[in-house]
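Enquirer: Requesting a structural model of the entry that follows:
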Amino acid sequence: MLRVCFTAEDLLRVTFADEPAPMVELTLAIAALQRSDPIFTLWRRRMSQTLRRSAGPLLELVPATAKGPLFLDPPSQGFADGVEQVLSATTTFVRTELRRVHIPGYSPALWIRLLGDRDREAWRILEQAVRAGHEDVLVGSWDRIRAGFDAERAWRMQLLASQGIRATLAGLFPGGRWRGTTLEFDSPDDVEITLDGQGVTLLPSVFWTGRPLVGRYAQGTFLVYPAVTPLPLLEDDPATTNALAALLGRTRAALLEQLTRPRTTTDLARDLGVAKSSVSEHTKTLRDAHLITAQRDGKTVWHSCTPLGLSLVTGHSGYHKPLSTTKGREIDRAGLPHG
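Expert: Okay, here's the model as predicted:
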């Protein structure tokens with residue numbers, strides 16, 4: 001169980017990061033290369049062919065869980081600043097983090113052990129790996145990464161305005177819940193984080209699909225969580241994509257627009273030209289994000305927008321006409337029948 005303990009002062013100091021953190025995204029991308037998430041299958045296959053050998057050491061330092069040493073992924077303002085922070089990390093910090101992530105019974109590569117001794121060759125290997133990884137993994141996708149981040153941040157801000165900070169924080173990952181002033185997420189690890197009135201910065205990632213991660217840095221405490229739409233589902237050309245598609249991906253955006261009136265899984269699969277299994281996967285994600293609901297009628301499941309989902313459709317896609325249900329009634333933008 002991951003527990004994040006808030007005080008009233010902490011809740012007043014919850015902020016959103018202004019932009020993606022390149023070093024954080026790089027380490028999460030390296031973790032994604034080692035995970036079995038099916039959404040990233042084609043991306044992993046492509047990266048295995050293009051990732052140069054000099055970036056390989058990152059795979060030894062960052063595990064699939066993404067719980068690598070914090071000196072490697074400072075939430076920097078840009079890549080150059082991030083590299084500078086990595087290379088200037090204090091020896092004490094480096095040694096502490098290497099001990100923290102060390103797995104009993106596992107002996108890390110020699111070059112990793114030598115990082116704590118400030119061995120010049122070991123740090124050359126690390127710098128070369130970071131620069132190669134950035135070039136191969138992030139540079140070509142940065143426009144999509146930034147578009148996904150911006151859309152995610154805008155949506156969370158809208159959710160904050162409509163439902164409040166507690167609902168926003170609990171909704172960062174399925175199953176999030178409050179026990180008093182403690183935010184809980186299911187996790188195989190038993191971790192408790194006390195914020196002590198310093199607040200937390202929310203940092204979404206398009207490379208991460210796992211449970212939220214909490215890191216304490218010199219800049220403060222950051223809660224890293226998976227963006228609604230991971231990188232492989234973001235459009236190749238964000239400049240030509242509307243805001244709703246940038247947030248959700250083209251298929252999910254089209255699905256949400258279909259659900260301004262109740263539709264069945266079969267209806268959606270037929271009208272969107274996708275498999276029922278794909279529709280089921282997308283509707284689950286949209287339900288977890290509180291954008292749609294599902295109601296069972298015998299063997300049939302009817303899907304429809306929530307008020308939040310409807311507001312996204314009307315606000316981002318220019319959809320302004322009355323919406324008709326299967327019973328012929330009109331629905332206003334708040335989702336309330338009126339006739």
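Enquirer: quick one: the strands in the stretch 151-300 of the chain?
Expert: Listed in chain order, the strands of the stretch 151-300 of the chain (DSSP state E, counting those that start in this stretch) span 177-179, 182-185, 191-194, 200-205, 213-217, 220-226, 263-264, 292-297, 300-305.
Enquirer: Identify all contacting residues around the longest one.
Expert: In other words, strand 220-226. Outside strand 220-226, the residues that touch it by CB atoms under 8 Å, 6 or more residues apart in numbering are 4, 17, 24, 28, 75, 172-173, 193, 195, 198-205, 208-210, 212-215. (Each C-beta comes from the backbone N, C-alpha and C, glycine too.)
Enquirer: before we move on, what about the second one?
Expert: By CB under 8 Å, 6+ apart, the list of residues contacting strand 182-185 from outside reads 1-6, 169-170, 173, 175-178, 211-212.
Enquirer: and with 10 Å instead?
Expert: Contacts to strand 182-185, defined as CB atoms under 10 Å, 6 or more residues apart in numbering, come from residues 1-6, 10-11, 166, 169-170, 172-178, 191-195, 200, 211-212, 214, 223, 225.
Enquirer: and whichever strand or helix holds Val4, what other elements does it pack with?
Expert: Per DSSP states H and E, Val4 falls inside strand 2-5. With contacts taken as 3 or more CB pairs under 10 Å, 6 or more residues apart in numbering; DSSP states H and E, strand 2-5 sits against strand 182-185, strand 191-194, strand 213-217, strand 220-226.
Enquirer: Next, the angle from the helix ranked longest in the chain to strand 220-226.
Expert: The residue-count maximum for a helix in the chain (DSSP state H) belongs to helix 142-163. If you take axes from the mean of the first three to the mean of the last three CA atoms, to 10 degrees, helix 142-163 sits at 100 degrees to strand 220-226.
Enquirer: Does anything pack onto helix 142-163? Which helices or strands?
Expert: So helix 142-163, by 3+ CB pairs under 10 Å, 6+ apart, packs with strand 14-16, helix 22-32, helix 165-170, strand 200-205, strand 220-226, helix 243-248, helix 307-316.
Enquirer: mind giving me JSON lines with those and columns for mean neighbour count and mean pLDDT?
Expert: Below are the helices and strands packed on helix 142-163 laid out as JSON lines (neighbours: other CB atoms under 10 Å; pLDDT from 0 to 100):
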{"stretch": "strand 14-16", "mean neighbour count": "14", "mean pLDDT": "95"}
{"stretch": "helix 22-32", "mean neighbour count": "26", "mean pLDDT": "97"}
{"stretch": "helix 165-170", "mean neighbour count": "17", "mean pLDDT": "94"}
{"stretch": "strand 200-205", "mean neighbour count": "23", "mean pLDDT": "96"}
{"stretch": "strand 220-226", "mean neighbour count": "22", "mean pLDDT": "95"}
{"stretch": "helix 243-248", "mean neighbour count": "25", "mean pLDDT": "76"}
{"stretch": "helix 307-316", "mean neighbour count": "19", "mean pLDDT": "72"}
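Enquirer: need these in TSV with distance to Trp123, can you?
Expert: Shown next, in TSV, are these (distance: least, CB to CB, whole Å):
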stretch	distance to Trp123
strand 14-16	33
helix 22-32	16
helix 165-170	38
strand 200-205	26
strand 220-226	25
helix 243-248	38
helix 307-316	46
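Enquirer: Distance-wise, check Arg177 relative to Asp143.
Expert: Look at Arg177 and Asp143: by CB to CB, to the nearest Å, they are 36 Å apart.
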